[in-house]
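A.B. asks: what shape does this take:
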Amino acid sequence: MNDGCLFCRIASGDVPAHRVYEDDHILAFLDLHPIRAGHALVIPKAHHVWFEDLPEDLATRITSCAQRLAQRMKALYGVERVAMFYTGIHVPHAHAHVVPMHHVHDVTSQAYLSAGTDEYTLPPQLPDPEMAEIARKLRAG
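C.D. replies: Residues are numbered from 1 along each chain as shown. Next up, the predicted model:
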């Protein structure tokens, strides 16, 4: 636990949260500033800053919890899809967002908005040689 970390303090019970799931290793609770009602965060109780540093079994546990939440959100909100993504922008503690999607741009990037919020714009495609080089570098790691 990191005493200066908001999510560690939530996990320990020092800071209140609307908990929706908890076990010995993870905690899911409602986001205070939701994209949509039901937007939940799933965190490891142990402090890990980056999602790529999570032990594989812990990352799997988080994903399995997110899947169960997504199934419940689909039934509860009548949505076709639920997004799940990791960030670490505002709180440096690995956390997965689970968001019921009522609109195609509920969880989107500025790259997809050039035609406005009612459209879905594909960003420009990279040239094939550049894609091949990127793929080669990623495989090499």
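A.B. asks: from now on I want contacts and neighbour counts done on CA atoms only, so please keep to that.
C.D. replies: Fine.
A.B. asks: where does the protein have low pLDDT?
C.D. replies: Low-confidence segments of the chain (pLDDT under 70): 109, 111-113, 120-122.
A.B. asks: ranges for the helices of it?
C.D. replies: Here the chain has its helices, by DSSP state H, at 6-12, 56-77, 128-140.
A.B. asks: for the ones you listed, which one sits closest to residue 48?
C.D. replies: Closest to residue 48 of the helices of the chain, according to Cα to Cα: helix 6-12, at 9.7 Å.
A.B. asks: contacts for the closest one?
C.D. replies: Applying Cα atoms under 8 Å, 6 or more residues apart in numbering, the set of residues contacting helix 6-12 from outside is 1-3, 15-17, 27, 43, 45-47, 91, 93.
A.B. asks: what do you get for stretch 80-99?
C.D. replies: Applying Cα under 8 Å, 6+ apart, the contact partners of stretch 80-99 are 5-8, 35-36, 38-44, 47-51, 54, 62, 66, 69-70, 73-74, 100-101, 107.
A.B. asks: gap between the two ends of it?
C.D. replies: 12 Å (Cα to Cα, to the nearest Å).
A.B. asks: so which bits of that stretch are buried?
C.D. replies: 81, 82, 83, 84, 86, 93, 94, 95, 96, 97, 98, 99 (16 or more other Cα atoms under 10 Å).
A.B. asks: need those in CSV with distance to residue 116, can you?
C.D. replies: Below are those laid out as CSV (distance: Cα to Cα, whole Å):
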residue, distance to residue 116
81, 21
82, 22
83, 21
84, 23
86, 25
93, 33
94, 31
95, 29
96, 27
97, 24
98, 24
99, 21
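A.B. asks: keep only those of these that are in strands.
C.D. replies: 81, 82, 83, 84, 86, 95, 96, 97, 98, 99 (DSSP state E).
A.B. asks: just the residues you listed now: which is nearest residue 114?
C.D. replies: Closest approach between those and residue 114, by Cα to Cα: residue 83, at 21.3 Å.
A.B. asks: any idea how this structure splits into domains?
C.D. replies: Split into domains by automatic domain parsing, the chain comes to 6-107, 111-141.
A.B. asks: now, of those domains, which is deepest in the fold?
C.D. replies: Comparing the domains of the chain by mean neighbour count (mean count of other Cα atoms under 10 Å), domain 6-107 comes out on top with a mean of 17.
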